[in-house]
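Novice: Here you go, sequence then predicted model.
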Amino acid sequence: MSPKKRNGKKTGQPDHPAFQCREKVLMLGVMQNTPLVLFGIPFHNVTFEEAIQWTVDRVRSGKPGVIATANLDFIVQAQTDVGLRNVLREADLVIADGFPPVKLAPFYGPPLKGRVTGSDITPMLAARAEKEGISIYGLGAAEGVAAKAMEVLKKRHPALKVAGAWSPPYAPLDKMDHAEILRRLAEAKPDILFTAFGAPKQDKFNHMHVKHWNVPVAIGIGGTLDFIAGIQTRAPAWVQKIHCEWLWRWGTDPKRLTKRYVTNIGFLIRAVWLTLQLRLIKNVPARVDPSASSHGATYCEFRGLETPAEAEVFVQKSESSAKLVFDLRAVEWLSSLEIGALLEVSKKVQKVVLLHAGSRVRKLFEFSKLTDRLPIAGSCAEALALLQ
Ligand code: UDP
C-alpha cells in the first residue's frame, strides 16, 4: 500500500540500516518462502505446481511438515480462536484455498499467484504420488468414506501406493482416540496424510502430532474425501469459474453452512471496509521516544522490504536468541510481505516488539489480531516491559 516512506534509502542490503542491530546477527536456517500475511494469517505465495513440488521435496527430506488449506472461513475462525491462529502461523505451508485472500492480497502487498484449493490439489497429489512412488493415507470423513475415496484414487492411478485409510468415529479433538490413530499411522507409514476432519480440527490435529510422528507431509483437506468418494458433488466448473463454489455448497447443505457463511460474509464486509479506510485515512505517525535506541535489547531500525528475496535475507539474519525491538518510525505502512518477514522473525527469536507504529499499522494490527505475536509499544519503556 502506498505511499511508503523509506527516506530514499535502498533496502535489502546486508549493510542496510534495516539490519543494523546493536548485537551481532547470524545467518541461520535454510531459505524459506516468506509468507504474505493477510488479516493475521500467513499465506505462502505458491502455485499448484510449486505446492506439489514442495510436498515431494518434503517427503524426500523425511522431515515431518504440515500444510493448511486456508480460506476465508479459516481467517474468520482464527479471529476468535487463538489456537487456530497459532497453528496456521506455525504451519510449514499455508495455501490460499479461496478467492477472498487472493482478491484482497494486492491491496496489502504482492499479489498471490492464485487460488490453490485443497479439493483440487488432493487428486493432483495422488497423481504425482503415483509417479514418484510416494504413498498416501486418507484419514477422516464419515465411516467408510476415507476407504472409498482411496479406492477411487487407486482405480484412477493403478500404481498408486495407498498406505491405508480410516474414518475414526466423530468426536471433538480432545475426545478422539489419538493413540489408536497414531498406532494405525505408525503401522501404515504413509508419506502423505490427507486429514479430513474439517477446520480447525484437522489442522489442530496435524499440528499436535507433527513433532512426534514420522509422517513427512500431513495436509488438512476438509470435505475433499467426500467429493472423491462421490458422497458430495462439487460445483460445476462454470460455478467455480465465477467464484461461486461457496454459494453452491451453501445451497447443498444450508442447515450446516448457513451460520458459517453469514458470519464469513459479515467479516468480508468488515475486511473490505477496513481496506478502504486504510487507503483513504491519513497516517498519524507515532510520537517518537528519544530514548528509543539506548536500551539493552537489540534495537533495529526497520526501513522496509521491497522483494521476497530481501525478506528472506532479513529473516535469515535475525539471531535466534535475541529479543528484538523494531523501530517503525521510517515506514508509514507494513506490507503483507513485511508483516510475513516480521512474523517469521518472531518465530525464531525470543520476542519481537514493534515501536513507533503509525495509526494505519496500528489499525491493521488490531483488526488482524497480530499484536499477540507482534505487540506494538507506545514508548521505549513499554517496549522493554513487553520484552520481559
Ligand atoms: N469430519 C470428521 N470428523 C469430525 C467432523 C467432520 O471426519 O469430527 C469430516 C466430515 O465428514 C467431512 C469433513 O470432515 O468429510 C468436513 O468437511 P467440511 O465441509 O466441514 O470441511 P470444509 O471443506 O468446509 O473445510
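Specialist: Everything's here; your move.
Novice: quick one, helices of the stretch 101-250 of the chain?
Specialist: Secondary structure of the stretch 101-250 of the chain, counting by DSSP state H, counting those that start in this stretch: helices at 118-132, 145-156, 178-188, 201-209, 224-229, 237-241, 245-252.
Novice: Any idea how many residues pack against whichever residue of the stretch 151-300 of the chain sits closest to the ligand?
Specialist: For the stretch 151-300 of the chain, the residue positioned closest to the ligand under C-beta to the nearest ligand atom is Gly222, at a distance of 2.3 Å. Placement of C-beta: from N, CA and C, glycine included. For Gly222, the neighbour count with other C-beta atoms under 10 Å is 25.
Novice: shouldn't it be in contact with Ala199?
Specialist: Yes - here Gly222 lies in contact with Ala199, judged by C-beta atoms under 8 Å, at a distance of 6.3 Å.
Novice: before we move on, the earlier item: OK, contacts around the residue of the stretch 151-300 of the chain closest to the ligand?
Specialist: If a contact means C-beta atoms under 8 Å, 6 or more residues apart in numbering, then Gly222 has Thr69, Gly118, Ser119, Ala196, Gly198, Ala199, Gln202 as its contacts.
Novice: Show me what the lowest-mean-pLDDT helix or strand in the chain packs onto, helices and strands only.
Specialist: Among the helices and strands of the chain, strand 298-301 carries the lowest confidence by mean pLDDT, DSSP states H and E, at a mean of 85. In this structure, strand 298-301 packs against strand 323-327, with contacts taken as 3 or more C-beta pairs under 8 Å, 6 or more residues apart in numbering; DSSP states H and E.
Novice: Can you get me a residue count around the closest residue to Gly223 other than its chain neighbours?
Specialist: Nearest in space to Gly223, with sequence neighbours left out and distances taken as C-beta to C-beta, 6 or more residues apart in numbering, is Gln232 at 6.1 Å. The local packing of Gln232 (other C-beta under 10 Å) involves 17 other residues.
Novice: interface residues of this protein facing the ligand?
Specialist: For the chain, the residues in contact with the ligand (C-beta under 6 Å from any ligand atom) are 140-142, 170, 196-199, 201, 222-223, 225-226.
Novice: still on that earlier bit, show me whatever sits in contact with both of Gly222 and Ala199.
Specialist: By C-beta under 8 Å, 6+ apart, no residue touches both Gly222 and Ala199.
Novice: give me phi/psi at Val349?
Specialist: For Val349, the backbone dihedrals (degrees, to the nearest 10) come out as phi -100, psi 170.
Novice: these two touch, right, it and Phe326?
Specialist: No - assessed by C-beta under 8 Å, Val349 is found out of contact with Phe326, at 10.8 Å.
Novice: who does the longest helix along the chain touch, helix- and strand-wise?
Specialist: In the chain, with assignment by DSSP state H, the single longest helix is helix 254-280. Under the contact criterion of 3+ C-beta pairs under 8 Å, 6+ apart, helix 254-280 touches helix 72-80, helix 99-104, helix 245-252, helix 359-368.
Novice: could those helices go into TSV alongside mean pLDDT and mean neighbour count?
Specialist: Putting the helices and strands packed on helix 254-280 into TSV (pLDDT from 0 to 100; neighbours: other C-beta atoms under 10 Å) gives the following:
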stretch	mean pLDDT	mean neighbour count
helix 72-80	96	21
helix 99-104	95	20
helix 245-252	91	16
helix 359-368	96	19
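Novice: any idea of the pLDDT on the residue nearest to Gly223?
Specialist: Note on Gln232: pLDDT of 90.
Novice: Who are the contact partners of it?
Specialist: Gly223, Asp226, Thr252.
Novice: Kindly recompute the last result at 10 Å.
Specialist: Residues counted as contacts of Gln232 (C-beta atoms under 10 Å, 6 or more residues apart in numbering) are Ser119, Ala141, Val145, Gly223, Thr224, Leu225, Asp226, Arg249, Thr252, Asp253.
Novice: cool, and Phe205?
Specialist: Residues in contact with Phe205 (C-beta under 10 Å, 6+ apart) are 66, 87, 139-140, 173, 176, 178, 181, 193, 195, 197, 218, 220.
Novice: Perfect, that will be all.
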